[in-house]
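**Student:** my questions concern the predicted model and sequence given below.
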Amino acid sequence: MNDSTLTFIKQHRNDDIRQLALTKPASDIDLKLALQQIAGWQTARRKLPDWAACDNILYPPHLNMEQASSQQTAQYKANVVERWGGKDTSYVDLTGGMGIDFSFMARAFDKRTYVERNEMLCQLAHHNFPILQLEAAVANDDAEDFVNKMARATVIFIDPARRDEHGARTYGLADCTPDVTLMMPVLREKAEHIVMKLSPMLDWRKAVDDLGGASEVHIVSVKNECKELLLVIDHRASANPTLICINDEQRFCPSDTTETPTCQPTATDNSALDNTYLYEPNASIMKGGCFTEVGRAFAMQQVAANSHLFLSNTAVKSFPGRSFIVKQQCSLNKRELRQALAGIDRANVAVRNFPLSAEVLRKKLKLKDGGDTYIFGTTLPDGNHVLFVCRKIG
């Protein structure tokens, strides 16, 4: 990149990319490269503030930026692996990508190796790692080839690509690249600890089964959106790994991961509906399916087996999810609806195990979207439908 292009980037990095693309800069400015770097920096400012704060970082094309980890999830993974770092330890990332996870996770280890089959990304890693004050070996190689010739490492990290050669998303573990189900024997041979980042769309129990067991399963959500599954596989691996459900600062670790979606305790009669607080677990707990453990930990009952909503007569400040106070409860009877919704013209509507979608229910209730009122539609153990009209706590 020449000095003119670099100066152009610094002068215009806060500008609108679409408007900037219509300009005609001096002939010695590489506009295409400049636009890629400005767009990359603008994404990094939101997603990777530590990278955005470093001058002269080079960013890959837009798709790589969007697929890359955020700083929050990368830092969480760094916290997971740092217990194995220290003197005479080694860390190998077999699917280095843009290098974000590597730049956070590798720092705890003595020897660091970044492996990536895409030559362009390797060139960016060569350029960016010194700027980030990270000393590492960079290898332009396939994960399957490199792992067979590498020395044993303390930690191997692998993030199989979830898109095929046509760019379409893949969801099956065996359909990802590389196929980690086939690599497991050599991965176990070459690492004390394997850390695997997987799609949040996967069923974590099936993933554990497909891989022959795991030691830990971390379900990581950001702002109540499930972002990734993180599996740790080492000598502790079993069919019933430790489950850690993370949503920003919320953390829940159920002691029993053997429950299935059909074995939760339920509110067996309508007396439980006299309780005044309603709780909705966060996205990681929803993904984990550990509802019995939630009820046990916080002394709550579910509204019904498939509602995934909890009731209590006490306020629980530390609940890992959203908390509400129930203002009204009613059936879909017109008279009851008029009384429960009196004075309400807008609400945030959600449904759990309910015959109508949230949008259809909101239109049926003739409400606008938004406001301070929250309405949950669900089904009771006796099959009757119920609405909880609530106000959010906190």
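**Tutor:** Thanks, I have the structure now. Residues are numbered from 1 along each chain as shown.
**Student:** every contact and neighbour count from this point should use C-alpha atoms.
**Tutor:** Will do.
**Student:** which helix in the protein has the most residues?
**Tutor:** Counting residues, the longest helix in the chain under DSSP state H turns out to be helix 31-47.
**Student:** downstream neighbour of that one in the secondary structure list?
**Tutor:** As assigned by DSSP states H and E, the chain's next helix or strand after helix 31-47 is helix 49-52.
**Student:** look through this structure and tell me its longest strand.
**Tutor:** strand 368-379 (DSSP state E).
**Student:** then the helix or strand just after that one to PDB, C-alphas only?
**Tutor:** Next along the chain after strand 368-379, taking DSSP H and E as the criterion, comes strand 385-393. Provided in PDB are the C-alpha atoms of strand 385-393 (Å, rounded to 0.1, in the frame of the first residue of the first chain):
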ATOM      1  CA  HIS A 385     -53.900 -21.000  26.600                       C
ATOM      2  CA  VAL A 386     -52.900 -18.100  28.800                       C
ATOM      3  CA  LEU A 387     -51.500 -14.600  28.500                       C
ATOM      4  CA  PHE A 388     -49.200 -13.000  31.100                       C
ATOM      5  CA  VAL A 389     -49.200  -9.200  30.900                       C
ATOM      6  CA  CYS A 390     -46.000  -8.000  32.500                       C
ATOM      7  CA  ARG A 391     -43.600  -5.200  33.200                       C
ATOM      8  CA  LYS A 392     -39.900  -5.800  32.800                       C
ATOM      9  CA  ILE A 393     -37.700  -5.600  35.900                       C
END
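**Student:** element containing Met286?
**Tutor:** Going by DSSP H and E, Met286 is part of helix 283-288.
**Student:** related to what we said a few turns ago, in the longest helix of the chain, what's buried?
**Tutor:** Residues of helix 31-47 classed as buried: 31, 33-44, 47 (neighbour count, 16 or more other CA atoms under 10 Å).
**Student:** and the chain, what are its domain boundaries?
**Tutor:** Structural domains annotated on the chain: 3-66, 70-248, 270-393, as defined by automatic domain parsing.
**Student:** let's have these in CSV, adding mean pLDDT and distance to Pro254.
**Tutor:** Output for these, formatted as CSV (pLDDT from 0 to 100; distance: least, CA to CA, whole Å):
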stretch, mean pLDDT, distance to Pro254
domain 3-66, 90, 30
domain 70-248, 94, 6
domain 270-393, 92, 6
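**Student:** burial of the closest residue to Ala358 other than its chain neighbours, as a residue count?
**Tutor:** Once flanking residues are discounted, Ala358 sits nearest to Ala350: 5.1 Å by CA to CA, 6 or more residues apart in numbering. By other CA atoms under 10 Å, 18 other residues sit near Ala350.
**Student:** circling back to that earlier point, hey, C-alpha coordinates of the helix holding Met286 in PDB?
**Tutor:** The C-alpha atoms that make up helix 283-288 are tabulated as PDB, following Å, rounded to 0.1, in the frame of the first residue of the first chain:
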ATOM      1  CA  ALA A 283     -30.500 -17.700  25.000                       C
ATOM      2  CA  SER A 284     -27.600 -19.900  26.200                       C
ATOM      3  CA  ILE A 285     -29.800 -21.700  28.700                       C
ATOM      4  CA  MET A 286     -32.500 -22.100  26.000                       C
ATOM      5  CA  LYS A 287     -29.900 -23.700  23.800                       C
ATOM      6  CA  GLY A 288     -28.500 -25.800  26.700                       C
END
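**Student:** host element of the residue most central in space within the chain?
**Tutor:** Nearest to the geometric centre of the chain sits Lys227, at 1.5 Å (CA atoms, centre = their mean). Assigning secondary structure by DSSP H and E places Lys227 in strand 225-233.
**Student:** which neighbouring elements make contact with that strand?
**Tutor:** strand 191-198, strand 216-222, helix 283-288 (3 or more CA pairs under 8 Å, 6 or more residues apart in numbering; DSSP states H and E).
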